[in-house]
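**Student:** What would the 3D arrangement of this be:
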Amino acid sequence: MLRRYLHLKVGDAVKIIAGDDRKKIGKVLVVDTKRNLIKVSGVNIQTHYVKKTNERPGSIERKEGWIHISNAAKIEEEIANETV
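**Tutor:** Below you'll find the model as predicted:
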């Protein structure tokens with residue numbers, strides 16, 4: 001099976017270079033190597049409505065959504081710390 005090399009790993013600081021969240025900086029939370037997607041903290045926030053059940057009340061959750069790996073560029077940790 002072919003192994004894919006991705007330039008981003010979990011915990012890397014990245015800057016979003018395309019899309020609605022352009023110029024935002026965050027850390028990589030999850031990497032999906034098969035689909036070339038990543039989740040970045042504070043980027044592509046999506047709203048999920050949780051239905052009420054007997055065990056828990058209904059609620060609205062905000063979670064990070066997937067973005068394509070080509071829309072993110074790895075940056076140095078020092079630069080990420082300065083801008084935050």
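**Student:** Who are the packing partners of the longest strand along the chain?
**Tutor:** For the chain, the strand reaching the highest residue count under DSSP state E is reported as strand 25-32. Counting by 3 or more Cβ pairs under 8 Å, 6 or more residues apart in numbering; DSSP states H and E, the packing neighbours recorded for strand 25-32 are strand 13-16, strand 37-40, helix 77-83. Every C-beta, even on glycine, is put in place using the N, C-alpha and C of the backbone.
**Student:** Switch the ones you listed over to CSV, and while doing so, append mean pLDDT, mean neighbour count and distance to residue 29 to every line.
**Tutor:** Listed next are those as CSV, based on pLDDT from 0 to 100; neighbours: other Cβ atoms under 10 Å; distance: least, Cβ to Cβ, whole Å:
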stretch, mean pLDDT, mean neighbour count, distance to residue 29
strand 13-16, 94, 20, 11
strand 37-40, 95, 22, 5
helix 77-83, 70, 11, 14
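**Student:** for these, which one sits closest to residue 60?
**Tutor:** With Cβ to Cβ as the measure, strand 37-40 is the member of the helices and strands packed on strand 25-32 nearest residue 60 (19.0 Å).
**Student:** Within its sheet, name the partner strands of that closest one and how each one runs.
**Tutor:** Here strand 37-40 has these sheet partners by DSSP bridges: strand 25-32 (antiparallel), strand 67-68 (antiparallel).
**Student:** list the buried ones in whichever helix or strand comes after it?
**Tutor:** Downstream of strand 37-40, the next assigned helix or strand under DSSP states H and E is strand 45-50. Neighbour counts over strand 45-50 (16 or more other Cβ atoms under 10 Å) mark no residue as buried.
**Student:** After strand 45-50, which helix or strand is next?
**Tutor:** strand 59-64.
**Student:** C-alpha coordinates for that following strand, PDB please?
**Tutor:** In PDB, the C-alpha atoms belonging to strand 59-64 read as follows (Å, rounded to 0.1, in the frame of the first residue of the first chain):
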ATOM      1  CA  SER A  59     -27.700  21.800  22.900                       C
ATOM      2  CA  ILE A  60     -25.800  23.600  20.300                       C
ATOM      3  CA  GLU A  61     -22.200  22.600  19.800                       C
ATOM      4  CA  ARG A  62     -19.500  24.500  17.900                       C
ATOM      5  CA  LYS A  63     -16.800  22.300  16.400                       C
ATOM      6  CA  GLU A  64     -13.900  22.700  14.000                       C
END
